[in-house]
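Engineer: kindly generate the corresponding structure for this input.
(one chain, ligands or ions: 1)
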Amino acid sequence: MNITKGTAVLKNYINGDWVDAQSNETLEVLNPATNEVLARVPISSAADVDFAVSAAKTAFETWKNTPVPKRARILYKYHHLLTENHEKLARLIVKENGKAYKEAYGEVQRGIECVEFAVGAPTLMMGESLSNIAEEIDSEMFRYPLGVVGGITPFNFPMMVPLWMFPLAIACGNTFVLKPSERTPLLANELVSLFSEAGAPKGVFNIVHGAHDVVNGLLDHEDVKAISFVGSQPVAKYVYERASANGKRVQALSGAKNHHIVMPDADVAKAVTNILSSAYGSAGQRCMACSAVVVVGDREEFVQALKQKASDLVIGNGLDDEVLLTPLIRKSHREKVLGYIEKGVEEGASLLLDGRSAMDELKEGTFLGPTIFDHVEPDMTIAREEIFAPVLSVLRAENLDEALEYLRKSRFGNGATIYSKDAKAIRQFREDADAGMLGVNVGVPATMAFFPFSGWKDSFYGDLHVNGKDGVNFYTRKKMITTRFDY
Ligand code: NAD
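Structural biologist: Got it, this is the predicted structure:
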């Protein structure tokens with residue numbers, strides 16, 4: 001077990017051993033609710049990446065030939081261990097990420113579901129065949145793993161996002177090098193500990209902590225065959241371009257601006273509850289968070305109810321049961337968010353609820369209260385950019401066509417939701433909404449592990465999404481055999 005307390009420096013996990021990074025540079029890992037230093041994370045170098053990739057490359061030679069059901073059995077055991085440690089993992093997420101315990105518990109569950117999907121590898125990896133493609137000639141398709149896969153993950157889902165990647169990649173016969181977020185590295189070490197306890201052979205799953213140098217090391221390494229990335233838009237684009245230029249397969253999941261359309265017939269109380277939990281849960285630091293509400297028609301009572309309920313939200317440490325609004329990840333991020341609030345005022349949006357006062361009341365952590373801008377125009381900065389914070393923009397539209405036009409204008413297309421009972425409106429939304437994951441009366445329409453997580457436009461770079469059949473296709477390559485039998 002390698003969870004270190006206080007200012008101890010975390011280790012990397014390479015070839016089945018806990019090892020020191022080869023660089024001396026470290027960063028503090030903070031609890032955002034208290035700013036207590038939990039540990040220090042090493043900022044590893046390209047040499048550490050090389051060490052991990054070479055271990056993973058060696059392990060691949062055996063792992064790719066390990067029978068698929070045997071690989072799946074290790075994942076069954078892993079599932080059991082994750083379930084046994086569900087609460088402990090959730091508590092650790094609260095500590096390093098700051099989100100509420102209930103959210104963290106749910107996140108662990110979503111991660112476990114990815115393992116449930118990956119244990120289906122014997123079925124998922126099946127090929128296809130057709131006899132008689134010509135006289136006495138048959139064709140068969142087999143799936144094979146790619147080799148060493150690199151995973152680079154964000155701070156906001158320290159469990160779920162890595163689990164989108166490595167269980168399926170490894171079940172498909174690949175070996176893996178993970179670079180977790182340097183802001184939430186503790187859980188990653190717990191994940192690899194449990195994986196090795198489940199019986200994973202050495203070198204199959206490795207962790208290299210750090211920042212840009214580790215990322216670039218993976219993107220440039222000739223023995224890394226594919227990159228799975230999740231993070232902010234500029235980095236996603238950079239990762240996609242650099243890794244593709246180096247001939248790798250890449251899936252890069254990126255930022256978002258998710259619109260929720262409130263139709264004239266929407267139930268006010270239900271819409272408000274869903275929107276508040278979507279916009280302010282995890283302090284708005286979710287790629288599927290609602291960050292823009294489009295109110296269709298004159299729904300003043302909805303806007304007032306939203307403001308009232310938002311002002312009543314309990315802010316604080318995620319370990320307290322009644323808390324919904326938890327801290328932002330770092331002060332530097334909060335500074336950026338404060339800049340967006342000032343920009344919103346400057347550009348003429350009306351500040352309906354100002355969360356900045358919470359900063360004085362809750363000084364010890366990186367808190368920001370619920371903030372709402374009303375009468376936001378689609379071309380304003382706060383409507384266009386991802387703020388990733390408890391800052392909600394309310395836009396007004398005369399009808400559904402205009403609301404859908406706002407979605408089309410957005411460069412992002414991760415998720416969108418409509419609140420309505422009107423079948424015609426719902427169908428129009430389904431057909432015309434310019435985003436990859438839609439919700440109908442659902443606040444966070446995140447997909448489950450057996451479906452692809454399918455953002456559009458600048459919310460995703462690549463072809464094959466994470467999870468579902470896309471995930472299997474991403475982590476395997478196909479071989480076709482054509483056989484003549486009358487030889
Ligand atoms: P981030 O882009 O800052 O970091 C993501 C990863 O990239 C980290 O491991 C980090 O070390 C690395 N990184 C950061 N800057 C880099 C650089 N210049 N060069 C090389 N590597 C770099 O993202 P974050 O703040 O950790 O996470 C939040 C972002 O992730 C949000 O934009 C959110 O929308 C997005 N996200 C998207 C999804 C999705 O499914 N689309 C899911 C979760 C999070």
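Engineer: once you drop chain neighbours, what's closest to residue 180?
Structural biologist: Nearest residue to residue 180, sequence neighbours excluded (CB to CB, 6 or more residues apart in numbering): residue 188, at 3.8 Å. Just so you know, the C-beta spots here come from the backbone N, C-alpha and C atoms, and that holds for glycine as well.
Engineer: which pLDDT value goes with that neighbour?
Structural biologist: pLDDT, residue 188: 98.
Engineer: from the ligand, how far off is it?
Structural biologist: As defined by CB to the nearest ligand atom, to the nearest Å, residue 188 lies at a distance of 10 Å from the ligand.
Engineer: and if you look at residue 337?
Structural biologist: In terms of CB to the nearest ligand atom, residue 337 sits 12 Å off from the ligand.
Engineer: list the contacts of that residue.
Structural biologist: Going by CB atoms under 8 Å, 6 or more residues apart in numbering, residue 337 touches 328, 368, 387, 388, 389, 391.
Engineer: and those residues near the ligand, which?
Structural biologist: For the ligand, the contacts drawn from these by CB under 6 Å from any ligand atom are residue 388.
Engineer: keep only those of the contacts of residue 337 that are in strands.
Structural biologist: residue 391 (DSSP state E).
Engineer: can you redo the contacts of residue 337 as a markdown table with neighbour count and pLDDT?
Structural biologist: Output for these, formatted as a markdown table (neighbours: other CB atoms under 10 Å; pLDDT from 0 to 100):
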| residue | neighbour count | pLDDT |
| --- | --- | --- |
| 328 | 24 | 98 |
| 368 | 25 | 97 |
| 387 | 25 | 98 |
| 388 | 25 | 98 |
| 389 | 25 | 98 |
| 391 | 24 | 98 |
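Engineer: and which of the contacts of residue 337 is nearest residue 461?
Structural biologist: Of all the contacts of residue 337, residue 388 has the smallest distance to residue 461: 18.4 Å, by CB to CB.
Engineer: just give the nearest non-adjacent residue to the closest one, would you?
Structural biologist: Per CB to CB, 6+ apart, closest to residue 388 is residue 285, 5.4 Å.
Engineer: and the one you found, what does it touch?
Structural biologist: If a contact means CB under 8 Å, 6+ apart, then residue 285 has 99, 155, 156, 328, 329, 388, 389 as its contacts.
Engineer: for the ligand, give me its nearest residue in the stretch 251-400 of the chain.
Structural biologist: In the stretch 251-400 of the chain, the residue that lies nearest the ligand is residue 287 (3.2 Å; CB to the nearest ligand atom).
Engineer: secondary structure class of the residue nearest to that residue when sequence neighbours are not counted, three-state.
Structural biologist: Once flanking residues are discounted, residue 287 sits nearest to residue 256: 4.8 Å by CB to CB, 6+ apart. Secondary structure, DSSP: H, G, I helix; E, B strand; the rest coil: residue 256 is coil.
Engineer: mind listing what residue 256 touches?
Structural biologist: Per CB under 8 Å, 6+ apart, neighbours of residue 256: 287, 288, 289, 291, 386, 412, 414, 415, 455, 459.
Engineer: redo that, cut-off 6 Å
Structural biologist: For residue 256, the contact set (CB atoms under 6 Å, 6 or more residues apart in numbering) comprises 287, 386, 412, 414, 459.
Engineer: pLDDT score assigned to it?
Structural biologist: pLDDT, read off for residue 256, is 98.
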